[in-house]
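Enquirer: A structural model of the following input is requested.
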Amino acid sequence: MTEREQLLLSRAGVGPVPSRSLPPVLLQLAVSRVRILALVLLVIELVGWLLTNWLEGDLPSEFDYVQQWGPPTFVIVVSLVMFALTRMPRVPPTRVVQAALGYEVAVSYAIVLSSYWWAFAEVPAVAVNADVVGFSGAALWMLFFTVMVPVRPTHALVALLLSATAVPIVYLLEVNGGRAPPLDAGAFFFVFVGPYLAVAGLAYISARSIYRLGQDVTRARELGSYRLVEWLGQGGMGEVWRAEHRMLARPAAVKLIHRRVLGGDSGTAHTMIARFEREAQVTATLQSPHTVEVYDYGTTDDGTFYYVMELLEGIDLQHLVQQFGPQTPARVVHILRQVCASLAEAHRRGLIHRDVKPANVYLCERAFEHDVVKVLDFGLVKWRDTRAAKQDLQLSATGTIHGTPTYMAPEIALGGGPVDGRADVYALGCVAYWLLTGQLVFDEQTYGAMLLAHVQQEPIPPSQRAEQSIPPSLDAIVLDCLQKSPSDRMQSAEALAARLDAVELVEPWTADRARRWWEAHGGEIVAVRAPSPEDAPRIVRA
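Expert: Reported below is the predicted structural model:
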């Protein structure tokens, strides 16, 4: 099995992370730091060499000799390559780190070549001493790289020793070419070898300290029986990590919230943590196969609340349309019916989601099934019964509107009135509009204008904005979902599902069509699943 296969298996929760790899937290940090370093070096060479010489009128003369333009050009090229590697989602992070170590050595040689080539041509041997020669810029580069980019200590030591050879090797090449005076062994060691071995030793000590710190952080991120592996994204109430169970091979996702991100107001912190805990409890009560499953929840010693849910492999509807365009009416009907099944159970249990939007609906592959829908994020769920509603009021901040403005029912936007499952039906109509047209129902530029549009403006039928043909019955369903008054809409998710069943489709969305779509496009979804924040805030001040 290749290292890439081992890493992919470990990311899926099957088997351990390869023993030669960094702790996950340091692996992600190393890749981001390499990207920054490559970009900084690129800018330094472009501005400090090319632009400066061009402004001074000396740029043509820089290309008279290869020793003048060769090293900086080499640094520009390898920095571009290194930066590109860090941006390629298909390149395993371990490979990026390995390439970065080679990058460290290559830049060290370029720095020394730029500094020492022809530098000792007229210097007598007696003048070549530690006080006169000093340190090459490679010493600073070795220290800076090692502190900035965490790697395994043994790997760091190998790269440091190879980088340290740049100074003596380049000087010996100069001696061999008659461009530098030969030195006796003692002088050569104390001027060109010993100082850089000392730098390598100091940098190695730093690498060991950083590596041990990463191991401590990894141990600190063990939540109950789960260990955090990879950051996946961040939402309005917490961040989400890929996790692995310490005993089982089952992959999972962990959603957590830290007390420190809630600010100094203890009352607000208590409210947010209570709401987060309720999200876990509420979601755990739902049994629909189209609602994300919750495995466990708890609180760590430092006050971080977390819950563990099933890990979904797929794409949310927001990115589905952004990457692949509007979906066919047949597929839209297939997706909406599954969302209705999730919401119908929630509504029967007296729960209202209140944040139905494309980013909260995931389209997955599960075992041998394709296009399986999972509804996420019941963090803004509201109870319909009186006793639970009192608890809900206690957990809601005064003067706030809960939800996402672009998918918000008029009764929620107005605030103060009763809200029931028909608000979710309205939001699902907005989702259907997005899937069919690739556009929002109302494309306003501010939150206030967006809320006002949902309250006052009549939507343009999706059939008039879509580039594809939409069955009249489906067009009518979407508009019925978007009625301003709850009494004019379809009254339940079950009623909406029944209407969807009656839509006449030229070619229904079958399991075979779904399988063929995933075979053709499944590999492209990897890029979409990179960590990214949600597309819109979920709580807007009134």
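
Enquirer: the helices in the stretch 101-250 of the chain, which residues?
Expert: For the stretch 101-250 of the chain, applying DSSP state H, counting those that start in this stretch gives helices covering 130-133, 137-148, 153-164, 166-176, 185-188, 194-220.

Enquirer: what mean pLDDT would you report for the longest one?
Expert: This points to helix 194-220. Average pLDDT, helix 194-220: 82.

Enquirer: Which one of the helices of the stretch 101-250 of the chain lies nearest to Val506?
Expert: helix 194-220 (53.5 Å; CB to CB). The C-beta positions use only the backbone N, C-alpha and C, and glycine is treated the same way.

Enquirer: Report the angle between that closest one and helix 166-176.
Expert: For helix 194-220 against helix 166-176, the angle by axes from the mean of the first three to the mean of the last three CA atoms, to 10 degrees is 150 degrees.

Enquirer: Any buried residues in helix 194-220, and which?
Expert: 195-196, 199-200, 203-204, 207, 210-211, 214, 218 (16 or more other CB atoms under 10 Å).

Enquirer: for that helix, packing partners?
Expert: Judged by 3 or more CB pairs under 8 Å, 6 or more residues apart in numbering; DSSP states H and E, helix 194-220 is in contact with helix 24-45, helix 137-148, helix 153-164.

Enquirer: on that earlier part again, of the helices of the stretch 101-250 of the chain, which approaches Val105 most closely?
Expert: That would be helix 153-164 among these, by CB to CB, at 4.6 Å.

Enquirer: Going by neighbour count, list what's buried in that closest one.
Expert: By neighbour count on 16+ other CB under 10 Å, the buried set for helix 153-164 is 153, 155-157, 159-164.

Enquirer: Is it possible to get JSON lines of those that adds pLDDT and distance to Ser487?
Expert: Output for those, formatted as JSON lines (pLDDT from 0 to 100; distance: CB to CB, whole Å):
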{"residue": "Pro153", "pLDDT": "91", "distance to Ser487": "69"}
{"residue": "His155", "pLDDT": "93", "distance to Ser487": "67"}
{"residue": "Ala156", "pLDDT": "93", "distance to Ser487": "68"}
{"residue": "Leu157", "pLDDT": "94", "distance to Ser487": "73"}
{"residue": "Ala159", "pLDDT": "95", "distance to Ser487": "70"}
{"residue": "Leu160", "pLDDT": "94", "distance to Ser487": "73"}
{"residue": "Leu161", "pLDDT": "95", "distance to Ser487": "77"}
{"residue": "Leu162", "pLDDT": "95", "distance to Ser487": "75"}
{"residue": "Ser163", "pLDDT": "94", "distance to Ser487": "74"}
{"residue": "Ala164", "pLDDT": "94", "distance to Ser487": "79"}
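
Enquirer: And the helices in the stretch 301-450 of the chain?
Expert: Using DSSP H, counting those that start in this stretch, helices in the stretch 301-450 of the chain cover 317-324, 329-348, 386-394, 410-414, 421-437, 447-456.

Enquirer: The fifth one relative to helix 329-348, how many degrees between them?
Expert: Read it as helix 421-437. Per the same axes, to 10 degrees, the angle that helix 421-437 makes with helix 329-348 is 160 degrees.
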